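# need a 3D model of the following:
(2 chains)
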Amino acid sequence: GAGVSQSPSNKVTEKGKDVELRCDPISGHTALYWYRQSLGQGLEFLIYFQGNSAPDKSGLPSDRFSAERTGGSVSTLTIQRTQQEDSAVYLCASSPRTGGNSYNEQFFGPGTRLTVL
Amino acid sequence: GQSLEQPSEVTAVEGAIVQINCTYQTSGFYGLSWYQQHDGGAPTFLSYNALDGLEETGRFSSFLSRSDSYGYLLLQELQMKDSASYFCAVASSGGSYIPTFGRGTSLIVHP
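Just a heads-up that it's a prediction; the model follows:
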């Protein structure tokens, strides 16, 4: 596709359920980032992939959060036993650059709005 | 760690010029980026400065002073569609090059 896509666009779930959020980056982009954005707030970094490996998972808020990337392309963010404080918009971004320059220009997907009841 | 400061809100009128400032603290500075985000939309990349000086792209310009740990985004000939949130972001070279985003500046353009 022409841009980064994410699915689902909206997800409403009950507290305690597991959710999976998907990100399809722009073809050929090696760097992929997950962020979380609460209403009216900035972007909170969650995890970064370079290819299929995740050099930095420091932003994951708890062990209920995990992510994987396969084939250097699609990435899935999984939240287990969701809590109400997990409610936010989850954004994925990809970049064509590698290494230290990969953050400079990121292309963002439309996000998944997660609501935990 | 890294931290960024930017004003929470700026208002201006159509046709005016507005400057959104960003000050940062980081170890191993690697560059300053700016993103625009409309309500309900995804952030879109605007500009990037690695070296001191002014970068101009159409109506938008971005400036960086590494010695002052300071940058700004300049928007000229403001249009109503420029009403959005603007985020500065900086990454350090001390490890994983993970960007830290500011909390964003809400720009409100009045007719």
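# every contact and neighbour count from this point should use C-alpha atoms.
Fine.
# any low-confidence regions in chain A?
For chain A, the stretches flagged by pLDDT under 70 are A:1, A:97-104.
# hey, where'd the strands end up in it?
Taking DSSP state E, the strands of chain A run over residues A:5-7, A:10-13, A:19-24, A:31-37, A:43-50, A:53-56, A:65-69, A:75-79, A:88-95, A:107-108, A:112-116.
# with distance to chain B and mean neighbour count added, can I get these in a markdown table?
Putting those into a markdown table (distance: least, C-alpha to the nearest C-alpha, whole Å; neighbours: other C-alpha atoms under 10 Å in any protein chain shown) gives the following:
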| stretch | distance to chain B | mean neighbour count |
| --- | --- | --- |
| strand A:5-7 | 11 | 21 |
| strand A:10-13 | 12 | 15 |
| strand A:19-24 | 14 | 21 |
| strand A:31-37 | 9 | 24 |
| strand A:43-50 | 6 | 23 |
| strand A:53-56 | 6 | 16 |
| strand A:65-69 | 16 | 19 |
| strand A:75-79 | 18 | 20 |
| strand A:88-95 | 8 | 26 |
| strand A:107-108 | 6 | 24 |
| strand A:112-116 | 10 | 20 |
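# okay if I get the ones you listed as TSV plus distance to residue B:71?
TSV is the format used below for those (distance: least, C-alpha to C-alpha, whole Å):
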stretch	distance to residue B:71
strand A:5-7	31
strand A:10-13	35
strand A:19-24	32
strand A:31-37	23
strand A:43-50	19
strand A:53-56	27
strand A:65-69	34
strand A:75-79	33
strand A:88-95	23
strand A:107-108	22
strand A:112-116	31
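# between the ones you listed, which one is nearest to residue B:15?
strand A:107-108 (28.7 Å; C-alpha to C-alpha).
# contacting residues around the closest one?
Strand A:107-108 is contacted from outside by A:3, A:4, A:91, A:92, A:93, A:94, A:95, B:42, B:43, B:44, B:45, using C-alpha atoms under 8 Å, 6 or more residues apart in numbering or on different chains.
# please redo it, this time with the cut-off set to 6 Å
A:92, A:93, A:94, B:42 (C-alpha atoms under 6 Å, 6 or more residues apart in numbering or on different chains).
# what's the most distant pair in those residues?
Farthest apart among the contacts of strand A:107-108 by C-alpha to C-alpha are A:94 and B:42. That separation is 12.6 Å.
# check contacts around residue 10.
Going with chain A. By C-alpha under 6 Å, 6+ apart, the neighbours of residue A:10 are A:112, A:113.
# nope, chain B
Contacts of residue B:10 by C-alpha under 6 Å, 6+ apart are residue B:107.
# what does chain B have sitting close to chain A?
Counting by C-alpha under 6 Å from any C-alpha of the partner chain, chain B comes close to chain A at B:42, B:97, B:101, B:103, B:104.
# my read is that the fourth one contacts residue A:42, right?
Yes: with contacts defined as C-alpha atoms under 6 Å, residue B:103 counts as touching residue A:42 at a distance of 4.1 Å.
# what sits closest to the residue most central in space within chain A if chain neighbours are left out?
Note on chain A: the residue nearest the mean C-alpha position is residue A:34, at 3.0 Å, using C-alpha atoms, centre = their mean. Take residue A:34 and drop its neighbours on the chain: the residue closest to it by C-alpha to C-alpha, 6 or more residues apart in numbering or on different chains is residue A:92, 4.6 Å away.
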